[in-house]
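Participant: just a sequence and a predicted model for now, questions to come.
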Amino acid sequence: MTETAATRIETRFAQLAAEGRAALVAFVMAGDPDPATSLEILKALPGAGADVIELGMPFTDPMADGPAIQAAGLRALGAGMTLEKTLRLVADFRASEPDTPLVLMGYYNPIYVHGVERFLADAAASGVDGLIVVDLPPEEDAELCLPALKAGLNFIRLATPTTDDARLPAVLANTSGFVYYVSITGTTGAATPDYSTTAQAVARIKRHTPLPVAVGFGVRTPADAAAIAAGADGVVVGSALVGALAASLDARGAAGPGTVGAVSSLVSALAKGVRGAAATV
């Protein structure tokens, strides 16, 4: 992607590196708990302190996700969310927010059904900046990764504690935007990471790539965010935000008057943790 203009993702990480701090990457599920509330939440995230947004694409078989994000996807699907509506949600968000990078995260099946060429054109037109597709390994780069790069979208790859130095070059070969380091083995929200080993893992990855490295899985509190931010270029929070949303719903699972605020207030607290880490480095 060096021959094209910098993407919003690349620009944002460069800006934050110049400021000397990590990015807060906030994950929410598209259409959770309903499309209208989901749009309100999306619009609130930048002002609350999210530097990058990951937007989940609801899917019926989310094998890498823990109970909280699985439940979020089911709520969204129950509210009628589809891939087409997810792209429309991005376009509605982008109409009032031109700068905050947005990454779609999910699984390949809905993209395949939509059609790769059509999906990439629709995603770019709606204002998507990058993709994380957790079930497409590097050996399948020709399927989606390379076409996405050609379409001007960053393709963000996951690295894990089991991704050794022999495997890393394959993982990083066509990765762009940033590397997402999964700090624990298992599904999302499963445990709290070991911060000392996480910093070492980030340093190891950075010996193989100039790309920023963002760390996720298991980050729940401002203290967690600060600890990760001290040794990484970004902190990804998902299950905690989805859990805050779920706790705000009424007995029928519908959004209440505090639903948007439940998510945005936690993002604000996490952002303070990330920014506090920069002040102490």
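Facilitator: Arrived safely. These figures come from a predicted structure and were not determined experimentally. Numbers count the residues shown, from 1 in each chain.

Participant: list phi and psi for residue 155.
Facilitator: Phi and psi for residue 155, reported as degrees, to the nearest 10, are phi -120, psi 110.

Participant: that one bridge partners, please.
Facilitator: Beta bridges link residue 155 to residue 131 when assigned by DSSP bridges.

Participant: tell me the contacts of it?
Facilitator: Listed by C-beta atoms under 8 Å, 6 or more residues apart in numbering, the contact set of residue 155 reads 130-131, 133, 144-145, 148-149, 174-177. In this view, the C-beta of every residue, glycine as well, is placed from N, C-alpha and C.

Participant: and for residue 34?
Facilitator: 79, 254-255.

Participant: save those residues as TSV, and put in pLDDT and secondary structure too.
Facilitator: Listed next are the contacts of residue 34 as TSV, based on pLDDT from 0 to 100; DSSP: H, G, I helix; E, B strand; the rest coil:
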residue	pLDDT	secondary structure
79	97	coil
254	96	coil
255	97	coil
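
Participant: quick one: which of the contacts of residue 155 is nearest to residue 202?
Facilitator: Proximity of these to residue 202 (C-beta to C-beta) peaks at residue 175, which lies at 14.6 Å.

Participant: hmm, residue 146 is touching residue 173, no?
Facilitator: No. Counting by C-beta atoms under 8 Å, residue 146 sits too far from residue 173 to count as a contact (10.3 Å).

Participant: report the buried members of the contacts of residue 34.
Facilitator: Buried subset of these (neighbour count, 16 or more other C-beta atoms under 10 Å): 79, 255.

Participant: hang on, the earlier thing: quick one: which of the contacts of residue 155 sit in helices?
Facilitator: Here DSSP state H is the test, and these give 145, 148-149 as lying in helices.

Participant: which of those lies closest to residue 31?
Facilitator: Nearest to residue 31 among those, counting by C-beta to C-beta, is residue 148 at 22.5 Å.

Participant: show residues contacting the lowest-mean-pLDDT helix or strand in the chain.
Facilitator: Lowest on mean pLDDT, DSSP states H and E among the helices and strands of the chain sits helix 195-206, with a mean of 87. The contact list for helix 195-206 (C-beta under 8 Å, 6+ apart) reads 159, 161, 165, 168, 172, 179, 181, 183, 213, 215, 227-228, 230-233.

Participant: of all these, which comes closest to residue 264?
Facilitator: Using C-beta to C-beta, the contacts of helix 195-206 come closest to residue 264 at residue 228, 20.6 Å.

Participant: how many residues are close by that closest one?
Facilitator: Look at residue 228: counted by other C-beta atoms under 10 Å, it has 29 neighbours.

Participant: number of residues surrounding residue 88?
Facilitator: Using other C-beta under 10 Å, residue 88 is surrounded by 16 other residues.

Participant: so who does residue 29 touch?
Facilitator: Taking C-beta under 8 Å, 6+ apart as the contact definition, residue 29 lies against 38, 55-56, 58, 69, 72-73, 75-76, 242.

Participant: look up which residues are beta-bridged to it.
Facilitator: Going by DSSP bridges, residue 29 is paired in beta bridges with residue 56.

Participant: can you lay out the contacts of residue 34 as JSON lines showing distance to residue 106?
Facilitator: Formatted as JSON lines, the contacts of residue 34 follow (distance: C-beta to C-beta, whole Å):
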{"residue": "79", "distance to residue 106": "16"}
{"residue": "254", "distance to residue 106": "24"}
{"residue": "255", "distance to residue 106": "22"}
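
Participant: nearest to residue 123 among the contacts of residue 34?
Facilitator: So of the contacts of residue 34, ranked by how close each gets to residue 123 (C-beta to C-beta), first place is residue 79, at 21.3 Å.

Participant: hang on, isn't that closest one packed against residue 33?
Facilitator: Yes. Look at residue 79 against residue 33 with C-beta under 8 Å: they come within range, at 6.5 Å.

Participant: and residue 25, that's in a helix?
Facilitator: No. Residue 25 is assigned strand when assessed by DSSP: H, G, I helix; E, B strand; the rest coil, not a helix.
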